[in-house]
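Below are the sequence and a predicted model; questions follow.
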Amino acid sequence: MAGSRLEKLGTVFSRVRDLMQSRVIKPEAKPVWYDVYQASPPKMDPLYVKPCSHRLRTKKETVPEIFYSEDEIRARFYEQYGTGPRVLDLSKPYFVSTCQRFVEKYEELRSKCELKESSLFEETGKALLAEGVILRKRGALPVPAESRNPVLELKLIDMLAEQQSRRPKRFWDELLVPHSALGCFSRCDWISASLVDCVRSVKSQ
C-alpha cells in the first residue's frame, strides 16, 4: 500500500517516498526536489498540527481587599475636613499629613478614655486645635457647646498648660489659649480683645 495521500497525514516527502517504494511512482519520474530534500532535510518536519479544540480556561485572579481599622477614621476625616489646612508635601520623606496626625491622636485618646465614636471624633479635633492645628469642616455646622465634654476639656487645657510650661514663656503666649476655653469666641476675637485691654491700660497710666 502506498499509504494515505491526505495532506494532513505525514509530509509530502514521506508520501512520495512511500509511492516510490510501492512502485506507484517510477524512479525516473520522481520530483526534482526529492534528492535535495533527502540530502539536506529540514530541522523540523513540516507536519500538520491539528489545532487545539478546547479552549484554555483562564482563572480569574481576585485580589482581596485590604482594609485596616484606621481607614474608617481616614474616610470620615476626608469627608468632613477634606485634605486639611496643609497641602501634602511629598518632597519631604518624613512629612506627616494632617490626616495621619488626626489618626494618631484619635488612637491615643481612644486608649486613654472611653467615649463613643462620634464624641471621640469631635474631641480629637479639639485636641489637635489645642496643639495649633485648625480644622475646618466642609459645609458643616460648628459643634454646639452642649455636646462638649467638660471633663475632657479640662484635661486638654491641663495638657496644653503642661506643654507650655516646658518651653520658655513669650509675651504672646498669653494670647494663644485653647479654643475649648474660649467658649463661643474665636481665637482672633480673643486676641483683639486682649490687645484692646492692653491699649486701655497703657492710656490710663
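Great, that's in hand.

Who are the packing partners of the host helix or strand of Leu19?
For Leu19, the element it lies in under DSSP states H and E is helix 12-21. Here helix 12-21 touches helix 33-39, going by 3 or more Cβ pairs under 8 Å, 6 or more residues apart in numbering; DSSP states H and E. For the C-beta atoms, the positions are set from N, CA and C on the backbone; glycine is no exception.

In the helix or strand just after the helix it packs on, which residues are buried?
The element immediately downstream of helix 33-39 (helix or strand, assigned by DSSP H and E) is helix 70-81. For helix 70-81, a neighbour-count test (16 or more other Cβ atoms under 10 Å) marks 73-74, 77, 80-81 as buried.

So which of those residues is the closest to Lys116?
Of all these, Ile73 has the smallest distance to Lys116: 14.1 Å, by Cβ to Cβ.

mind putting the buried residues of helix 70-81 in CSV, distance to Lys30 and pLDDT included?
Listed next are these as CSV, based on distance: Cβ to Cβ, whole Å; pLDDT from 0 to 100:
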residue, distance to Lys30, pLDDT
Ile73, 87, 87
Arg74, 82, 88
Phe77, 87, 87
Gln80, 91, 84
Tyr81, 90, 82
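
tell me the contacts of the residue lying closest to Gly82 once chain neighbours are set aside?
Among residues not flanking Gly82 along the chain, Arg138 sits closest, at 5.5 Å (Cβ to Cβ, 6 or more residues apart in numbering). Residues near Arg138 by Cβ atoms under 8 Å, 6 or more residues apart in numbering: 80-82.

how many neighbours does Lys126 have?
As a burial measure, Lys126 scores 20 neighbours (other Cβ atoms under 10 Å).

all numbers from here: first residue = 377
In the new count, where the first residue is 377, that last one comes out as Lys502.

Quick check: buried residues in the helix or strand hosting it?
Lys502 is part of helix 493-506 when elements are defined by DSSP H and E. The neighbour-count check on helix 493-506 (16+ other Cβ under 10 Å) flags 496-506 as buried.

And the residues you listed, which is closest to Pro440?
Nearest to Pro440 among the buried residues of helix 493-506, with distances taken as Cβ to Cβ, is Phe497, at 28.2 Å.
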